[in-house]
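A.B. asks: got a predicted model here, sequence first, then my questions.
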Amino acid sequence: MLCRMTGWAVRGIGMGLINAVVRLLLGAAVSMWPLSGSALRWVAYALVILVIVVWAGIDGVRDRRNHPDPDDGQDLTMVWLKAAVVAGLLAGLLSWIIDFFVDFSLGQNGLIFELTSGAAFTILTIFVVASIAVFVGRLIVNRDAKKKLATSDADRAHDRELVNAGSAQRAEASRDTRSQAEPTRSEPTRSEPTRSEPQWAAEHGEADTEVFSAVDADGKPRLDKRGNRHGTADGS
């Protein structure tokens, strides 16, 4: 709680002092160059806005980096609203007090005006500009985070492609090694058995062949029922 209070209190006091100092410098410049009063007022106003933009923008960037999840971030809207109220009241009070001690005028406004209308303008300026600056700061961090995430995803995808390519090459090399290590198996050639036909000598082509009659075991010619020898039709 003390840390949160210190946050808006420091910003409120700081912006109140900055507004008072800018008004003091503006009064001195207008007293020296009265014809350029309008331009000098715009320059002073732009200077205050620049300080708010830088301070609130840094808050937005730091908060988003510390809390990437928007739900966990700090409520900077309320911080800068409280700071704007403190800065508006403090700037009006200091400007009214300083006006008593300087030779030039800071606006010749009374205390009631400084704490009401003058403070309201200061509060509105600080709160609106700070809210926009916080939003832009967070947006910048989100864009950077998305770019880093996209780059990281691309790098991981490239690494996966390299790993897959290396695995494919190793698998192919392993298959080649196994195919070279296995002995070549050739199917045995089946040759039809050659059938050797009996070769007769040319001179035996016209040789006479004689059929011998059957004989018994004791060497005698075997006779059939008619009394003829076996192997001849006429018994000879």
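C.D. replies: Here it is on my side, so go on. Just so we're clear, the structure is a prediction, and the values are computed from it rather than from any experiment.
A.B. asks: what secondary structure does residue 103 sit in?
C.D. replies: coil (DSSP: H, G, I helix; E, B strand; the rest coil).
A.B. asks: when you give positions from now on, start the count at 66
C.D. replies: Sure, I'll start counting at 66 from here, so that last one is residue 168.
A.B. asks: so what's the nearest residue to it once chain neighbours are set aside up against?
C.D. replies: Counting by CB to CB, 6 or more residues apart in numbering, the nearest residue to residue 168 once its immediate chain neighbours are dropped is residue 96, at 7.8 Å. For glycine as for every other residue, the C-beta is placed from the backbone atoms N, C-alpha and C. Taking CB atoms under 8 Å, 6 or more residues apart in numbering, we find residue 96 in contact with 168, 169, 170.
A.B. asks: okay, now the second one: neighbour count?
C.D. replies: The reference is to residue 169. 13 (other CB atoms under 10 Å).
A.B. asks: which residues does it contact?
C.D. replies: 92, 93, 95, 96 are the contacts of residue 169 under CB under 8 Å, 6+ apart.
A.B. asks: on the three-state scheme, the second one is what?
C.D. replies: Pointing back at residue 93 there. helix.
A.B. asks: residue 165: which element?
C.D. replies: Using DSSP states H and E, residue 165 sits in no helix or strand.
A.B. asks: before we move on, what about residue 75?
C.D. replies: Per DSSP H and E: residue 75 is located in helix 67-97.
A.B. asks: tell me which residues of the helix or strand just after that helix are tucked away?
C.D. replies: Moving toward the C-terminus from helix 67-97, the next helix or strand (DSSP H and E) is helix 102-131. Of all the residues in helix 102-131, those buried under the rule 16 or more other CB atoms under 10 Å are 105, 109, 113-114, 116-118, 120-122, 124-126, 128-129.
A.B. asks: what packs against helix 102-131?
C.D. replies: Applying 3 or more CB pairs under 8 Å, 6 or more residues apart in numbering; DSSP states H and E, we find helix 102-131 packed against helix 67-97, helix 141-163, helix 182-246.
A.B. asks: deepest-packed of those, please.
C.D. replies: Ranked by mean neighbour count under mean count of other CB atoms under 10 Å, the helices and strands packed on helix 102-131 are led by helix 141-163, which reaches a mean of 21.
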